[in-house]
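# pasting the sequence and the predicted model now:
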Amino acid sequence: MTNPRWSRRHVMGAALGAVVGGLSGCSDTSGPVHRLNLATGPEGGPYNAFGKALARAVAASGLPLDVVAQSTAASVDNLRRLDEGSADLALAMADVAEAAVSGREPFTRPAAVTALARVYVNHTHLAVAADGPVRTVGELAGRPVATGAPGSGVQVVAGRLLRVAGPGGAPLPADERQLGLDASVTALREGSVDALFWSGGVPTPALTALARERPLRMLPLDGYAGALRELHGPVYTAVTLPAGAYGLTAPVGTVGVGNYLLARRDLPAGTARELLQVVFGRWRDLLREVTAGARLEPRFAISTGGVPLHPGAVAHYRSVYG
C-alpha cells in the first residue's frame with residue numbers, strides 16, 4: 001500500500017522541478033499591484049471573516065498584491081466562480097473541492113482548480129432544541145430540517161449525511177429546508193424547523209448566541225463518518241465538539257471536514273508563494289475569528305487529498321520546510 005506521506009512528498013518534488021526555474025527567491029514590490037478576487041462566503045460567516053482578515057494581512061505586508069474578499073454563497077458557488085474565472089482565489093470545504101476537481105455532483109464537469117493550503121477543519125453541527133422532541137438523528141424523519149443555503153458546503157455535507165442516516169444506512173426522509181445560517185438560527189429559535197445543520201469552526205458565534213437564548217442539544221454524528229468515507233473518500237473524519245461549547249456538558253462526536261484555500265491553475269507561481277508567506281506569517285490573526293485553538297502547520301496544510309497543490313504552493317513548502 002502506498003505511503004500517503006511519501007506520495008504527497010513525491011508529488012511536491014515533481015511539481016517543484018517543473019516550476020523552480022521560473023521562480024525568483026524574493027518579491028519585487030516595485031512592480032504594479034496584482035488584484036486578486038477571493039470568493040469567501042456570506043457576510044458575517046467564517047469564510048467571509050477569514051477572507052477579510054487575509055485581505056488586511058496582505059495589505060499590511062507591503063507585497064504588490066491587493067486581495068478583495070467577495071461575499072458569496074460559499075463552497076459550491078466559490079468553486080464555480082474560480083473555474084469560470086470571476087475569482088482568482090476561493091475558500092471551500094474539502095468534500096466539495098474534491099467533487100469539483102473530479103466533476104462529481106453537484107458539478108457537471110471537472111473544475112480547473114488547485115489548492116494553496118488546507119487551513120482548518122470544519123465541525124459538522126446538527127443542533128436541536130434541548131427541550132424539543134428530537135433526541136436522535138433517526139427522529140428527524142419527516143421533520144423540517146435546515147440544511148444550509150443553496151451553493152453552500154453545508155448543504156452538501158447535510159445531504160450526504162441524511163442519505164446514510166436512515167435504518168440500515170438508507171436515506172432518511174427529512175423535510176429539507178434550504179436556509180443559510182442566520183435564517184436557520186431564526187427558524188430553530190421560532191420552531192419552524194426542528195433541527196439545523198451547520199459546518200464551521202468551534203465555537204460558531206451565531207450558535208453560541210442561540211444557545212444563550214434557547215438551550216441546544218447537539219446530536220452525535222461520528223457514527224456516520226465511516227459510511228461517508230466509504231462513499232466519498234477520506235475527506236471525512238471523526239472529530240469532537242468539546243464540552244463547554246454551546247453549553248454542552250460533555251463532548252459530542254461529529255464529522256469533520258477540512259477547508260481549503262484554493263487558486264486558479266493560472267495564478268502566477270510567484271503570487272502563490274507571496275500569499276502563503278502572509279498566510280503562514282499571520283495565521284493566528286486569520287483563524288482568530290474562525291475557530292478556537294486551531295493551528296496552521298505545513299504537514300497539515302499540504303494534506304489536500306485529491307485536489308492538486310498549485311506549483312507555487314509546492315515551491316513555497318519545499319523552499320521553507322524542505
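That came through fine. Numbers count the residues shown, from 1 in each chain.
# shaky segments in the protein?
Filtered on pLDDT under 70, the chain yields the residue ranges 1-31.
# kindly list the longest strand within it.
Criterion DSSP state E: the longest strand present in the chain is strand 113-129.
# distance from the chain centre to it, please.
4 Å (CA atoms, centre = their mean, to the nearest Å).
# show me what counts as buried in it.
113-129 (16 or more other CB atoms under 10 Å). (Each C-beta comes from the backbone N, C-alpha and C, glycine too.)
# so where do the strands sit in the stretch 51-200 of the chain?
65-70, 89-93, 113-129, 144-146, 175-177, 195-200 (DSSP state E, counting those that start in this stretch).
# so Val279, which of the three states?
Using DSSP: H, G, I helix; E, B strand; the rest coil, the structure places Val279 in helix.
# thought it was touching Leu287?
No - with contact defined as CB atoms under 8 Å, Val279 does not reach Leu287; the gap is 10.1 Å.
# anything in contact with each of those two?
Jointly contacting Val279 and Leu287 under the rule CB atoms under 8 Å, 6 or more residues apart in numbering are 119, 296.
# what does the residue nearest to Gly166 when sequence neighbours are not counted show for phi and psi?
Taking CB to CB, 6 or more residues apart in numbering, and ignoring the residues beside it in sequence, Gly166 has Leu172 as its nearest neighbour in space, at 4.1 Å. Backbone torsions of Leu172, given as degrees, to the nearest 10, read phi -100, psi 120.
# test my guess that Leu172 contacts Arg160.
No - the pair Leu172 / Arg160 is not scored as a contact, 11.4 Å apart, by CB under 8 Å.
# Three-state assignment for Ala206, please.
helix.
# what about it, distance to Leu54?
Distance of Ala206 to Leu54, computed by CB to CB, to the nearest Å: 21 Å.
# looking at the two, which is more packed in?
Leu54 (25 against 18; other CB atoms under 10 Å).
# how much space separates the more buried one from Leu65?
10 Å.
# cool, Ala73 as well?
25 Å.
# repeat for Asn48
For Asn48, the distance to Leu65 - CB to CB - is 19 Å.
# now do Gly256
31 Å.
# comparing these two, which shows the higher neighbour count?
Gly256 (22 against 19).
# quick check: the more buried one is in a strand.
Yes - under three-state DSSP, Gly256 sits within a strand.
# which strand residues bridge it?
Judged by DSSP bridges, the bridge partners of Gly256 are His123, Thr237.
# pretty sure it is touching Val235, no?
No - taking CB under 8 Å as the definition, Gly256 is not a contact partner of Val235, at 9.3 Å.
# turn the strands of the stretch 51-200 of the chain into JSON lines, including distance to Leu275.
Listed next are the strands of the stretch 51-200 of the chain as JSON lines, based on distance: least, CB to CB, whole Å:
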{"stretch": "strand 65-70", "distance to Leu275": "7"}
{"stretch": "strand 89-93", "distance to Leu275": "8"}
{"stretch": "strand 113-129", "distance to Leu275": "6"}
{"stretch": "strand 144-146", "distance to Leu275": "34"}
{"stretch": "strand 175-177", "distance to Leu275": "37"}
{"stretch": "strand 195-200", "distance to Leu275": "23"}
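# could you check the helix or strand containing Phe50 and say which residues are buried?
Following DSSP states H and E, one finds Phe50 within helix 46-61. For helix 46-61, the neighbour count (16+ other CB under 10 Å) marks 46-55, 57-58, 61 as buried.
# what's the farthest-apart pair in these?
Taking every pair in those and measuring CB to CB, the maximum separation is 22.3 Å, between Pro46 and Ser61.
# wait, isn't Asn122 in contact with Thr204?
No - with contact defined as CB under 8 Å, Asn122 and Thr204 do not form a contacting pair (9.8 Å).
# which residues are in contact with the closest residue to Pro173 other than its chain neighbours?
Distances taken as CB to CB, 6+ apart place Ala141 nearest to Pro173, at 5.5 Å, with adjacent residues excluded. Neighbour list for Ala141: 166, 172-174 [criterion: CB under 8 Å, 6+ apart].
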